[in-house]
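Chemist: test case, fold it:
(one chain, ligands or ions: 2)
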Amino acid sequence: MWLPNTYYALIDMHNAFFRSSHRRYNPLTQEWVLVSPQRLKRPWQGQIETAPREILAPYDPNCYLCPGNARAGGARNPDYRDTFVFDNDFAALVADAPRAELNTRDLLRATSARGICRVICFSPRHDLTLPVMEIADIRRVVEAWCAQTHELGKRDFIEYVQIFENKSAMMGASNPHPHCQVWATDHIPSEPAKELRAQATYLNAQQTCLLCDYLDLEIRAAERIVAYNDHFVALVPFWAVWPFETMVLARRHIGALPDLNDAERIALAEIIKRLTRIFDQLFHATFPYSMGFHQTPNDGMRHAEIHLHAHYYPPLLRSATIRKFLVGYEMLAEPQRDITPELAAKRLREIYKK
Ligand code: H2U
Ligand code: ZN
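Modeler: Ligands and ions are numbered 1, 2, ... in the order given. The predicted structure is shown next:
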């Protein structure tokens, strides 16, 4: 079936085209995803399994993130009251790595990588998670993200500050104590670099921002929006790979976390609480994900193309125990999904309404 160029019109998601196998394009990565909605003959009628929530104590004497406890590196945490930031004792990047550039016929290439890795504890409470924290306390976490971005970003050798959170053991988090990581590097890593290239190409061609335009289309279509407030929108992107993948976009065209004004910092805290609550209610369990922000590099260039956003990549598919793996066809050929992004967004949105 041939589809007309839909640049000015919104595409009709109820078209037969979208009920059968098709590919969707991710303009941020310039990659494709295979969507197979016909494989979902009876969506969501299967049994929903629930995993019992782990009951945690507010303080765990064996936790290396709890206040007053010793860490593996030998340091002892202070008796902190809200957020706490420390240098990762097992940093993936070091600031004094030897500098070199190796290249043999463009086939064997290596370059030095220097950086600073930190851990941010969200709360002194071992048993809290973002969805149950107060908005005022999540706002302190937002402040820590802004402050770390600013502080590490202004170091002369740092070009990019990546903030990310691995939530739950399924995603590789080493500890349930609420925390995230910051890796600041002397280079722009591959994922943000890919997105920056695509955003710059779009800006050059259209003279407008890719994500401003995308957000405008999504607000008008309304089919993939999960939650919103005055300053942020959470949506399942048209090109989502993970079943309940979500993006949080700033409504204003800003590039970096420190650019957020007071109202936006509160709004970011609010939408994070709302989205993570929706996630936890979906399968009545702690919802695992990896999330992180993409923001302006600190390489001294202007970067008018970058629009601040967060990606949430959750692996769960049908229940708290059934997860999606990117294997087989996805490793060898292209990512694939069954449930459409529209259906995923509807399920998430309806949880909020309840
Ligand atoms: P993850 O849960 O996402 O793995 O983050 C925890 C980080 O905490 C991890 O990178 C660090 C690990 O290196 N860590 C310390 O810095 N000190 C410790 O005592 C244990 C863990
Ligand atoms: Zn703890």
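
Chemist: residues in contact with stretch 138-151: which ones?
Modeler: The contact list for stretch 138-151, computed with CB atoms under 8 Å, 6 or more residues apart in numbering, reads 82-83, 85, 118, 120, 122, 130, 133, 161, 163, 182, 184, 256-258, 260, 265-266, 268-270, 272-273, 293, 295. The way it works is simple: take the backbone N, C-alpha and C, and place the C-beta from them, glycine included.

Chemist: drop anything exposed from these.
Modeler: 83, 118, 120, 122, 130, 133, 161, 163, 182, 184, 256-258, 260, 265-266, 268-270, 272-273, 293, 295 (16 or more other CB atoms under 10 Å).

Chemist: from those residues, which ones fall inside helices?
Modeler: 265-266, 268-270, 272-273 (DSSP state H).

Chemist: tell me which helix or strand residue 203 sits in.
Modeler: helix 190-206 (DSSP states H and E).

Chemist: which helix or strand lies directly C-terminal to that helix?
Modeler: Per DSSP H and E, the helix or strand that comes after helix 190-206 is helix 210-221.

Chemist: what's around the residue of the stretch 201-350 of the chain found nearest ligand 2, how many residues?
Modeler: Closest residue of the stretch 201-350 of the chain to ligand 2, CB to the ion: residue 286 (15.2 Å). Residue 286 has 19 neighbours, counted by other CB atoms under 10 Å.

Chemist: how about it: what's its closest non-neighbour residue?
Modeler: Nearest residue to residue 286, sequence neighbours excluded (CB to CB, 6 or more residues apart in numbering): residue 168, at 5.5 Å.

Chemist: show the pLDDT at that neighbour.
Modeler: For residue 168, the model assigns a pLDDT of 89.

Chemist: contact partners for it?
Modeler: For residue 168, the contact set (CB under 8 Å, 6+ apart) comprises 176, 286-289.

Chemist: I'd like the ones in helices among the buried ones among the contacts of stretch 138-151 as CSV, with pLDDT and distance to residue 149 appended.
Modeler: Formatted as CSV, the entries for these read as follows, by pLDDT from 0 to 100; distance: CB to CB, whole Å:
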residue, pLDDT, distance to residue 149
265, 98, 12
266, 98, 18
268, 98, 13
269, 98, 16
270, 98, 20
272, 98, 16
273, 98, 21
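
Chemist: of all the residues you listed, which two lie farthest apart?
Modeler: The distance between the two most remote of these (CB to CB) is 13.0 Å, for 265 and 273.

Chemist: circling back: and the residue of the stretch 201-350 of the chain closest to ligand 2, how far from residue 17?
Modeler: Residue 286 sits 37 Å away from residue 17, taking CB to CB, to the nearest Å as the criterion.

Chemist: spell out which residues of the protein are next to ligand 1.
Modeler: Neighbours of ligand 1 within the chain, by CB under 6 Å from any ligand atom: 64, 71-73, 88-90, 119, 166, 173-175, 181.

Chemist: tell me which of the residues you listed is nearest to residue 326?
Modeler: residue 166 (16.2 Å).

Chemist: now the angle between helix 190-206 and the helix or strand hosting the closest one, please.
Modeler: Using DSSP H and E, residue 166 sits in strand 160-167. If you take axes from the mean of the first three to the mean of the last three CA atoms, to 10 degrees, strand 160-167 sits at 120 degrees to helix 190-206.

Chemist: wait, residue 68 sits on residue 79?
Modeler: Yes - Residue 68 lies in contact with residue 79 (CB atoms under 8 Å); the separation is 5.3 Å.

Chemist: ok, these two, which is more surrounded?
Modeler: Legend: neighbour count by other CB under 10 Å for residue 68 and residue 79, higher for residue 68 (12 against 9).

Chemist: and residue 153, backbone torsions?
Modeler: Main-chain torsions, residue 153, degrees, to the nearest 10: phi -70, psi -30.

Chemist: return the residues in contact with it.
Modeler: Counting by CB under 8 Å, 6+ apart, residue 153 makes contact with 161, 184, 256, 258, 298.

Chemist: please list the members of those residues that lie in strands.
Modeler: Among the contacts of residue 153, the residues falling in strands (DSSP state E) are 161, 184.

Chemist: mind putting the contacts of residue 153 into a markdown table with pLDDT?
Modeler: Shown next, in a markdown table, are these (pLDDT from 0 to 100):
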| residue | pLDDT |
| --- | --- |
| 161 | 98 |
| 184 | 98 |
| 256 | 98 |
| 258 | 98 |
| 298 | 98 |
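
Chemist: report all helices and strands that the strand or helix carrying residue 346 contacts.
Modeler: Per DSSP H and E: residue 346 is located in helix 341-353. In terms of contacts (3 or more CB pairs under 8 Å, 6 or more residues apart in numbering; DSSP states H and E), helix 341-353 is packed against strand 225-228, helix 262-282.

Chemist: buried ones in it, by neighbour count?
Modeler: Residues of helix 341-353 classed as buried by neighbour count (16+ other CB under 10 Å): 341-349, 351.

Chemist: likewise stretch 171-182?
Modeler: 171, 173, 175-182.

Chemist: repeat that for stretch 318-337.
Modeler: Counting neighbours by 16+ other CB under 10 Å, stretch 318-337 gives 318-320, 323-324, 330, 335-337 as buried.
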